[in-house]
Each structure stands twice: as C-alpha cells, then as structure tokens.
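K.L.:
Return atomic coordinates for the entry below.
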Amino acid sequence: MNEELQALQENFTWDIVSCPPDVKPKGCKWVYSVKLNSDGSLNRYKARLVALGNKQEYGIDYDETFAPVAKMTTVRTVISIAASSGWSLHQMDVKNAFLHGDLTEDIYMTPPQGLFSSSKGVCKLKCSLYGLKQAPRAWYEKFRSTLLGFSFTQSQYDSSLFIHSTPAGIVLLLLYVDDMVITGSDLASIQRLKQQLQSAFHMKDLGTLHYFLGLEVHSTSKGILLHQHKYATDLISMASLESANPVDTPLEVNVKYHRDDGDLLPDPLLYRQLVGSLNYLTITRPDISFAVQQVSQFMHSPRHLHLAAVRRIIRYLKGTSHRGLFFPTGITPKLSAYSDADWAGCPDTRRSVTGWCMFLGSSLISWKSKKQARVSKSSTETEYRAMSAACSEIIWLRGLLAELGFPQTEPTSLYADNTSAIQIVANTVFHEHTKHIEVDCHSIRDAYDDRLIAFPHVSTQFQVADILTNAVPRPRHQFLVSKLMLLDQPHQFEGGCE
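P.N.:
Residues are numbered from 1 along each chain as shown. Okay, the predicted model is just below:
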C-alpha cells in the first residue's frame with residue numbers, strides 16, 4: 001500500500017483541495033491480489049487503489065470509455081512471422097499504467113485510507129485512476145500519442161499494433177492494455193525503443209516473451225509453441241475433474257444438443273464460468289472451437305445434459321492440456337485458407353455452422369466456428385455464405401500482412417469442397433437458385449474478379465475446416481489436429497517437427 005501511495009504521489013495523480021459545496025466526492029477502496037508466475041509460483045503481492053467508478057454519471061464524469069486491445073489473430077500473426085523470420089520476442093509491462101492517462105473532467109475523490117484524514121480536504125484527480133470508467137481510454141490515448149512521437153505509425157487493420165520502419169528493418173509493438181510485445185528485425189531500434197519507453201513511463205522490462213495474457217510461449221531454434229497449459233489445468237480444477245478419465249474427442253459423434261433437453265440446472269453459475277473459460281482457451285485450441293460454440297448456445301438456461309457436454313470437453317482437455325499451436329521457423333509467409341459449413345446443423349433453428357481457418361505457410365493464425373445468421377435453403381448456399389465470411393477475413397489479413405512487410409503478390413487460395421458454391425462465385429449471372437442470397441454475400445465475387453482470392457477445390461477428406469463445423473470420430477479428429485499444427489508437449493519440437 002505504501003508503494004502504491006508513493007507511486008501515486010510521484011505521478012502527481014491529485015491535488016488536495018477543498019471540496020466544492022455542490023459536489024459529492026467519489027469513494028475509493030484498496031484491492032489486494034496475488035500475482036503468480038506461469039508455473040504457479042508466487043511472483044509478488046499487489047495492492048491497488050481503485051476509484052469507485054460505479055458512482056460516475058455519463059456525460060458528467062466521463063464520456064469515452066472504449067480502449068482497443070490487440071486482436072488475438074494479430075498476436076498469432078506477429079508470432080508466426082517472428083518465428084519464421086527468426087526474430088526475438090520481447091515483453092514489457094507498464095507499472096501503474098492507468099495513472100499515466102490525462103483526465104479532461106473534474107473528478108473529486110475522498111482520500112484513500114492511509115493518506116490522511118478526510119477533514120483536510122479531498123483529492124482532485126489530475127490523472128486517471130484505476131476504477132474510473134475513462135481510465136483505459138485515457139491510458140491508450142497517452143500511449144498512442146507517445147509512440148507516434150517516436151515516429152511509429154498506427155496500423156490501419158489493428159489499432160493496437162504500431163509499426164516503425166527503419167533502414168535496417170522493422171519494429172513491431174503490440175499493446176494489450178498495459179502489456180506489450182515487441183519484435184522486429186532491427187535489434188538496435190528495439191533497444192532504443194525500450195529506453196524511450198523507460199524514460200516516458202514507469203516500465204518493467206520482462207525480457208524474452210514467456211508468459212502473456214495467460215498464454216505460455218516456448219521458443220527454440222525449431223519454432224515457437226504457444227499454449228495455455230496452466231490455464232487449462234486451472235479450468236480442470238474449477239470443474240473438479242482432476243481424477244476424471246480423459247477422452248479422445250471433445251464431443252460425441254452424431255449427438256445433437258437441444259435447448260430444452262433435460263432438467264434445468266438449479267444454479268447456472270458454474271456452467272457459465274466453465275464455458276466462459278473455455279471460450280478464452282480457444283485462443284490456442286482450435287480443436288475445441290466447435291464444441292465450445294455448441295455449448296455456448298445454452299448460457300441463458302443451461303441444463304444437466306449441456307453441463308455433461310461441457311464436462312466432456314474438459315475431460316478431453318485433461319489428456320491434452322499441453323497441446324498448443326506450433327509456429328515453425330523458415331516457412332514462406334504465404335496466406336491460404338479453408339472454408340466449410342454444416343448445413344442445417346442446429347436442431348432448434350435449422351441454421352448452419354460456418355467454419356474457416358487461415359494459414360500463414362503451415363502456421364494456423366485465424367479460425368472461426370460460428371452459427372450463420374439465417375436459415376439456408378441448400379447446402380450450396382450454406383457453403384457460399386461460409387466462403388464469403390472467410391473472404392472478408394482473407395482481405396483483412398492481406399492488408400495486415402502488407403503493413404507488416406509481407407505483401408501477398410498472388411491470389412490467396414480459399415479451399416472449398418463444394419463445387420456448386422465455387423461455380424456461383426465464377427458465374428456472374430444471377431439465376432433463380434441464388435436470387436435470394438443477400439447482396440453482401442456476393443462481395444466475394446469482387447474479390448475474385450480483383451484476383452485477391454482463388455478457389456481451388458479440395459476433397460472433403462482433406463477439408464481441414466471440417467473440425468470447426470461438426471463433431472468427428474477419433475481417427476479423423478486426430479488427423480485434422482495434426483493438420484492444424486497442434487502439438488501436445490513442448491519437448492516434441494526440441495528435435496524438430498515433421
């Protein structure tokens with residue numbers, strides 16, 4: 001607490017003033033937490049002074065609150081490029097990040113416990129404080145303006161990615177609230193950037209990237225493995241399944257889950273906690289994306305059968321908790337994609353499930369398993385909608401890769417196994433079978449005409465996106481997992497990757 005108060009005073013966070021008669025000062029409280037390392041060992045104890053932002057009124061105490069954070073697809077893309085190019089990954093953390101933000105509103109706060117008696121006055125905040133609704137936005141604007149002053153440019157495709165091109169190479173910085181990842185080909189500029197950040201903010205240089213937002217990063221000469229073993233272990237403990245037997249697939253084959261099957265859970269809290277945690281685990285686990293998409297549909301009124309499905313997913317994780325995405329070195333950063341759909345897969349709404357995945361070389365960087373917004377009249381329409389959704393992601397990724405210095409000079413291959421859907425793209429004649437498809441889906445034709453994408457046919461047997469649209473038997477599940485470049489143990493790539 002003393003360290004926190006000292007940091008607040010050194011940052012000139014407030015002035016002590018008399019409280020205006022027409023103002024009721026906001027309260028504050030101390031929040032205590034224990035910070036752990038990736039292996040579960042103690043890192044440090046932490047005390048944080050938090051303003052009671054729940055008492056703020058919109059339009060009086062704050063306006064803008066949103067603060068962008070790096071997209072996980074961008075994080076995986078940057079790590080893939082760093083692995084393939086042999087770049088080192090650095091991590092830095094900002095101490096008391098939100099205290100650096102500048103406030104434009106007049107906010108009065110009661111003095112914190114341990115400072116002085118409230119009879120001596122109140123704190124008029126000059127800088128943002130944790131708990132204020134505008135604090136994340138104020139910090140982001142402060143950091144953004146500082147980096148722009150260091151001759152960085154902000155990405156047009158991800159506002160939390162900052163790029164600096166130098167004669168010797170490139171420097172990339174990814175920001176996620178107060179955590180940042182720095183990489184690039186110009187090591188001298190990276191060191192200079194660290195020094196500039198140290199002089200502008202209270203920074204902590206964490207060295208080589210090992211642990212970031214619950215993601216564990218293992219680097220070797222063969223590549224980088226990104227996994228969430230500790231997070232998965234904690235999830236298994238939350239579900240009280242430490243002694244359960246593992247299973248080979250996350251869902252049973254040919255089992256459809258209805259929203260009204262079985263009895264309601266008396267308390268849905270545990271179900272919602274588990275599904276929310278599973279959603280975060282899909283950052284590195286595309287093999288459970290479809291299963292998590294299925295159980296996420298029942299968050300409003302989960303039933304015992306739905307909880308059984310969640311427990312099966314966690315039992316699958318128990319046997320594969322070390323599994324993660326592998327990004328090999330020396331690959332050619334060429335973008336390719338797979339698109340698939342499961343026609344009328346939802347038994348309640350008869351809507352279809354879209355599945356697509358994007359590869360940079362052999363590295364998986366983006367994927368999606370999502371129910372479509374409308375009922376489709378045919379499997380061709382379903383596949384066409386899935387291809388259109390994948391096309392939007394391809395165009396975004398092509399723009400991002402061009403900014404990073406890896407432009408895609410050839411059309412991106414989008415592999416699909418439905419020849420009818422491929423023919424609709426190439427045939428500009430609207431006929432009775434496609435008239436009912438929304439115009440926005442047909443934007444895929446413009447991308448095809450502009451030679452941004454191409455549509456090679458792939459056999460259903462080799463359709464990688466199949467794992468994102470339905471539950472598959474164990475042999476096929478294992479085959480598709482291998483195609484997604486998912487590895488089970490860090491030691492598996494110490495000697496290379498086949």
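K.L.:
ranges for the helices of this protein?
P.N.:
Taking DSSP state H to define them, one finds helices in the chain at 2-10, 72-85, 135-149, 187-200, 229-238, 269-281, 289-295, 304-318, 379-403, 419-426, 443-449, 474-483.
K.L.:
For Phe462, find the nearest of those helices.
P.N.:
helix 474-483 (8.0 Å; CB to CB). For every residue, glycine as well, the C-beta is placed using N, CA and C.
K.L.:
Let me see the contact set for Tyr108.
P.N.:
17, 19-20, 23, 25-26, 122-125 (CB atoms under 8 Å, 6 or more residues apart in numbering).
K.L.:
mind redoing it with 7 Å?
P.N.:
Applying CB atoms under 7 Å, 6 or more residues apart in numbering, one finds that Tyr108 lies in contact with 19, 23, 25-26, 122-124.
K.L.:
Might you list the low-confidence residue ranges for the protein?
P.N.:
38, 116-119, 428-441, 489-498 (pLDDT under 70).
K.L.:
Grab the nearest non-local neighbour of the residue nearest in space to the middle of it.
P.N.:
With distances taken as CA atoms, centre = their mean, the residue of the chain nearest its centroid is Met72 (3.1 Å). Take Met72 and drop its neighbours on the chain: the residue closest to it by CB to CB, 6 or more residues apart in numbering is Ile283, 5.2 Å away.
K.L.:
coming back round to it: give me the buried entries from the contacts of Tyr108.
P.N.:
Among these, those classed as buried by 16 or more other CB atoms under 10 Å are 19, 25-26, 122-124.
K.L.:
related to what we said a few turns ago, I'd like the helices of the chain as a markdown table, with distance to Phe327 appended.
P.N.:
Listed next are the helices of the chain as a markdown table, based on distance: least, CB to CB, whole Å:
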| stretch | distance to Phe327 |
| --- | --- |
| helix 2-10 | 37 |
| helix 72-85 | 4 |
| helix 135-149 | 26 |
| helix 187-200 | 20 |
| helix 229-238 | 17 |
| helix 269-281 | 18 |
| helix 289-295 | 18 |
| helix 304-318 | 21 |
| helix 379-403 | 15 |
| helix 419-426 | 30 |
| helix 443-449 | 27 |
| helix 474-483 | 15 |
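K.L.:
And those: which comes nearest Lys95?
P.N.:
Lys95 sits nearest to helix 2-10 of all the helices of the chain, at 7.0 Å, using CB to CB.
K.L.:
Between the buried ones among the contacts of Tyr108, which sits nearest Thr104?
P.N.:
Lys124 (13.4 Å).
K.L.:
Tell me how far that closest one lies from Ile60.
P.N.:
15 Å (CB to CB, to the nearest Å).
K.L.:
ditto for Phe462
P.N.:
For Phe462 relative to Ile60 (CB to CB), the value is 59 Å.
K.L.:
Neighbour count for the two, which is higher?
P.N.:
Between Phe462 and Ile60, counted using other CB atoms under 10 Å, the more crowded position is Phe462 (13 against 10).
K.L.:
Quick one: end-to-end length of stretch 15-27, please.
P.N.:
End-to-end distance for stretch 15-27, by CA to CA, to the nearest Å: 16 Å.
K.L.:
All the strands of the stretch 101-250 of the chain, residue numbers only.
P.N.:
108-109, 122-125, 153-154, 161-166, 169-176, 179-184, 203-208, 211-212, 215-220, 223-227 (DSSP state E, counting those that start in this stretch).
K.L.:
Alpha carbons of the fifth one, in PDB - could you do that?
P.N.:
This file holds the C-alpha atoms of strand 169-176, laid out as PDB (Å, rounded to 0.1, in the frame of the first residue of the first chain):
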ATOM      1  CA  GLY A 169      14.500  -3.300 -40.800                       C
ATOM      2  CA  ILE A 170      11.200  -3.000 -39.000                       C
ATOM      3  CA  VAL A 171      10.000  -2.800 -35.300                       C
ATOM      4  CA  LEU A 172       6.500  -4.000 -34.300                       C
ATOM      5  CA  LEU A 173       4.800  -3.300 -31.000                       C
ATOM      6  CA  LEU A 174       1.500  -4.900 -29.900                       C
ATOM      7  CA  LEU A 175      -0.400  -3.400 -27.000                       C
ATOM      8  CA  TYR A 176      -2.900  -5.200 -24.800                       C
END
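K.L.:
How far does that strand sit from its chain's centre?
P.N.:
Put simply, strand 169-176 sits 17 Å off its chain's centre (CA atoms, centre = their mean, to the nearest Å).
K.L.:
just the last one next, same as before
P.N.:
In terms of CA atoms, centre = their mean, the gap separating the centre of strand 223-227 from the centre of its chain is 16 Å.
K.L.:
List the strands paired with that strand, with their directions.
P.N.:
Within its sheet, and counting by DSSP bridges, strand 223-227 is paired with strand 215-220 (antiparallel), strand 324-328 (antiparallel).
K.L.:
Among these, which comes closest to Pro250?
P.N.:
Of these, nearest to Pro250 by CB to CB is strand 324-328, at 15.7 Å.
K.L.:
relative orientation of that closest one and helix 72-85 in degrees?
P.N.:
Angle of strand 324-328 versus helix 72-85, following axes from the mean of the first three to the mean of the last three CA atoms, to 10 degrees, is 40 degrees.
K.L.:
what angle do strand 324-328 and helix 229-238 make?
P.N.:
Going by the same axes, to 10 degrees, strand 324-328 makes 170 degrees with helix 229-238.
K.L.:
Dump the buried ones among the contacts of Tyr108 into JSON lines; add distance to Ser80 as well.
P.N.:
Shown next, in JSON lines, are the buried ones among the contacts of Tyr108 (distance: CB to CB, whole Å):
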{"residue": "Cys19", "distance to Ser80": "54"}
{"residue": "Pro25", "distance to Ser80": "50"}
{"residue": "Lys26", "distance to Ser80": "45"}
{"residue": "Val122", "distance to Ser80": "51"}
{"residue": "Cys123", "distance to Ser80": "46"}
{"residue": "Lys124", "distance to Ser80": "48"}
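K.L.:
Just the closest of those to Ile190, please.
P.N.:
Cys123 (38.4 Å).
K.L.:
and the residue nearest to Arg474 when sequence neighbours are not counted, how far is that from Leu487?
P.N.:
Of all residues beyond its chain neighbours, the one nearest Arg474 is Asp248 (4.4 Å), with distances taken as CB to CB, 6+ apart. The spacing between Asp248 and Leu487, counted by CB to CB, is 17 Å.
K.L.:
repeat for Glu105
P.N.:
50 Å.
K.L.:
so how many other residues sit close to Ala239?
P.N.:
22.
K.L.:
Contact partners for it?
P.N.:
Contact analysis of Ala239 by CB under 7 Å, 6+ apart lists 274, 311, 314.
K.L.:
hmm, try it at 10 Å
P.N.:
When contacts are counted by CB atoms under 10 Å, 6 or more residues apart in numbering, Ala239 touches 270, 273-274, 277-278, 307, 310-311, 313-315, 317-318.
K.L.:
Would you mind listing the buried residues in stretch 289-300?
P.N.:
Residues 289-298 are the ones in stretch 289-300 that count as buried (16+ other CB under 10 Å).
K.L.:
From the chain's centroid, how far away is it?
P.N.:
On CA atoms, centre = their mean, the centre of stretch 289-300 falls 17 Å from the chain's centre.
K.L.:
Alright, calling it a day.
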